[in-house]
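Asker: 3D, please:
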Amino acid sequence: MPKPVYALVGSDTFLQLERLAALARELPADAQRSDFDGETAQLADVLDELRSFAMFGGDKLVVVRDADAFLTRFREQLEDYVAAPSSSATLVLRLTSLPANQRIHKAIAKVGEVVNCAPPKDLARWLADRGKAAHKIALNPDAARALVDLIGDDLGRLDNELAKLALQCDDKGGRVDADAVTCNVAFQREREMWDLTNALAAGQPDEALRRWRQLLQLDPSTEFRAVTWLSLWLKDVGIVLGNDPAAFGKLRWKYKEAFDTFVRSTRALGQEGFGRAVDLLAEVDRQSKSGVGDAAENVERFILTLAAER
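Answerer: Okay, the predicted model is just below:
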């Protein structure tokens, strides 16, 4: 049975919602749930909900999201409630922080539970554990690192990609390597980046800039992973320019109906353009990692410089 009070503490929404869903599954099917916004909720309304009987009987789950402000406004009253909580309701406070030396932390830990929902420090390890426990797949270390490089640190998106990989890799006994991540997870975003780089190769800097800015609007964290995506593109460009027929099969499967267009634009770029692009991208990576300029602006300069040198 759930405890009377929980504090879900940390900045990661995915982990908070995961724990909240687990709590809800522990309650009877007819349990009544109420949600409050911590910034606007009044203490009397929350306490009334906790202490009143459910309309159709059974237990109650009362959730206060963004509860930091709520706790600040009603700290003493909440301490009093936690000291004698309702026996037919579970209170869940979703908080960004709750220092262990505070009296309310100790009070909740005594009768309920304080759950750590901070983002994991080792994302690759979290991915491996999550893949095994929730999706029944075995993610090798290279695959986990590739997934972090391509997706970032959003646990919800990472978990969604794990679910997709579980479907894609079912015929491999659930084993996932870096190639599977590149081919399956990266493909959609890589195709968006491919549109950008294809415009570059075709000498259309205005179109390339338009697509880059659109990517930033859709996902601002793109600026921190652009070098990874551009490196993947340049790797494929190098394969085409190397004229290795054995490697073309994988690229043809990867780009599908866009393969012929990709080959034409790559050959238009040529070996000299390819070499300049590699050098420029290395400089962009160096500048971004050393704090020289804004990452998004560095990528934009890469686009403009490469287009100007063609």
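
Asker: all contacts plus neighbour counts: C-alpha atoms, from now on.
Answerer: OK.

Asker: Could I get the pLDDT score of residue 172?
Answerer: On pLDDT, residue 172 comes in at 61.

Asker: I meant to write residue 203 there.
Answerer: 65.

Asker: which non-adjacent residue is nearest residue 38?
Answerer: residue 67 (4.4 Å; CA to CA, 6 or more residues apart in numbering).

Asker: Touching, the one you found and residue 92? I think so.
Answerer: No. Counting by CA atoms under 8 Å, residue 67 stays clear of residue 92, with 9.3 Å between them.

Asker: can you pull up the bridge partners for residue 91?
Answerer: Residue 91 has these beta-bridge partners by DSSP bridges: residue 5, residue 62.

Asker: Next one: it relative to residue 6, how far apart?
Answerer: 6 Å (CA to CA, to the nearest Å).

Asker: Could you do residue 60 as well?
Answerer: Where residue 6 is concerned, residue 60 sits at a distance of 13 Å (CA to CA).

Asker: what about these two, which has more around it?
Answerer: For the pair residue 60 and residue 6, the greater number of neighbours falls to residue 60 (27 against 23), based on other CA atoms under 10 Å.

Asker: May I see the buried residues of the longest helix anywhere in the chain?
Answerer: Of all segments of type helix in the chain, defined using DSSP state H, the longest is helix 259-289. Within helix 259-289, the residues scored as buried using 16 or more other CA atoms under 10 Å are 262-263, 265-267, 269-270, 273-274, 276-277, 280-281, 284-285, 288.

Asker: Run the chain-centre distance for that helix.
Answerer: Relative to its parent chain, helix 259-289 has a centroid offset of 28 Å by CA atoms, centre = their mean, to the nearest Å.

Asker: after that helix, next one along is what?
Answerer: helix 295-309 (DSSP states H and E).

Asker: Now that next one: buried residues?
Answerer: 295, 296, 298, 299, 300, 302, 303, 304, 306, 307.

Asker: picking up where we left off before, farthest-apart pair in the buried residues of helix 259-289, please.
Answerer: 263 and 288 (29.9 Å; CA to CA).

Asker: the helices in the stretch 151-300 of the chain, which residues?
Answerer: 155-168, 178-180, 187-201, 205-218, 222-241, 245-255, 259-289, 295-309 (DSSP state H, counting those that start in this stretch).

Asker: looking at these, which one has the lowest mean pLDDT?
Answerer: helix 187-201 (a mean of 69).
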